[in-house]
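**Q** from the sequence below, what's the structure:
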Amino acid sequence: MSATAVDRLQEIRDRIRTATSEAGRPAGSVELVAVSKTFDADAIRPVLEAGQRIFGENRVQEATGKWPALREAFDGVELHLIGPLQSNKTAEAVALFDVIETVDREKIAEAIAREMARQGRTPRLYVQVDIGEEAQKAGVPPREAAAFVRRCREEHGLAIEGLMCIPPVAEHPGPYFALLQKIAAEAGVERLSMGMSGDFERAIPFGATSVRVGSAIFGARG
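**A** Numbers count the residues shown, from 1 in each chain. Have a look, this model is predicted:
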């Protein structure tokens, strides 16, 4: 019998616990963000029923179509935006998401600050760092990240609490996770969103406070 999403969820939770213990970190210090992008409500519901409450989505429009109803059915959902945010979607993103992990430029910082003031909502915020300096990826260059965090705080009044990154696919992720940890110390942020299905166990020794796991739970995307 093939493994279900719930079976795979439990396996990922076990692996996170093991990696956390082996890194000498306290139990429960690494959160699992289950990345449900491209999966519909029927695929997500069993994972919610198994107790998972933190989820990641890439697109504002897709998340808006499925999460309001799921939230009505399940208490305590925490929704993270982990994909690039377009300025024309900022109002919807601030209204829907509890955490926005992809603050990556002045225009978005300004738009988020404006919408937070208008709506009276305060989603938690991370700055995305283009840790491998890859032209095709969003994010602030590593050398500019600490200064950008400072500007977000001082000029836009944003309480940036973490950094997020996606290392280059074909390279060993360890040095990139170490670099993000170093930048976090310089910027004075406590939380690190790093590590995905293929490398989350490597991120945990470098201080990841959340890992973003999708295909290893939900299966291959269509």
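**Q** what helix or strand is Leu32 located in?
**A** Leu32 belongs to strand 31-35 when assigned by DSSP states H and E.
**Q** that strand pairs with which strands, parallel or anti?
**A** Strand 31-35 pairs in its sheet with strand 54-57 (parallel), strand 210-213 (parallel), by DSSP bridges.
**Q** quick one: contacts of the first one?
**A** Spelled out, it's strand 54-57. 31-37, 44, 63, 67, 77-83, 97, 101, 210, 212, 214 (CB atoms under 8 Å, 6 or more residues apart in numbering). Every C-beta, even on glycine, is put in place using the N, C-alpha and C of the backbone.
**Q** buried ones among those?
**A** 31-37, 44, 63, 67, 77, 79-83, 97, 101, 210, 212, 214 (16 or more other CB atoms under 10 Å).
**Q** remind me, longest helix of this structure?
**A** helix 5-22 (DSSP state H).
**Q** what angle do that one and strand 31-35 make?
**A** 150 degrees (axes from the mean of the first three to the mean of the last three CA atoms, to 10 degrees).
**Q** for helix 5-22, name the packing helices and strands.
**A** Packing partners of helix 5-22 (3 or more CB pairs under 8 Å, 6 or more residues apart in numbering; DSSP states H and E): strand 31-35, helix 41-49, helix 200-203, helix 215-218.
**Q** is it possible to get a markdown table of these that adds distance to Ile16?
**A** Putting those into a markdown table (distance: least, CB to CB, whole Å) gives the following:
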| stretch | distance to Ile16 |
| --- | --- |
| strand 31-35 | 6 |
| helix 41-49 | 15 |
| helix 200-203 | 7 |
| helix 215-218 | 11 |
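**Q** can you list these in JSON lines and add distance to Ala117 and mean pLDDT?
**A** Below are these laid out as JSON lines (distance: least, CB to CB, whole Å; pLDDT from 0 to 100):
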{"stretch": "strand 31-35", "distance to Ala117": "27", "mean pLDDT": "98"}
{"stretch": "helix 41-49", "distance to Ala117": "32", "mean pLDDT": "97"}
{"stretch": "helix 200-203", "distance to Ala117": "34", "mean pLDDT": "98"}
{"stretch": "helix 215-218", "distance to Ala117": "36", "mean pLDDT": "96"}
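**Q** what about the strands in the chain?
**A** Secondary structure of the chain, counting by DSSP state E: strands at 31-35, 54-57, 78-81, 99-103, 124-129, 160-165, 191-193, 210-213.
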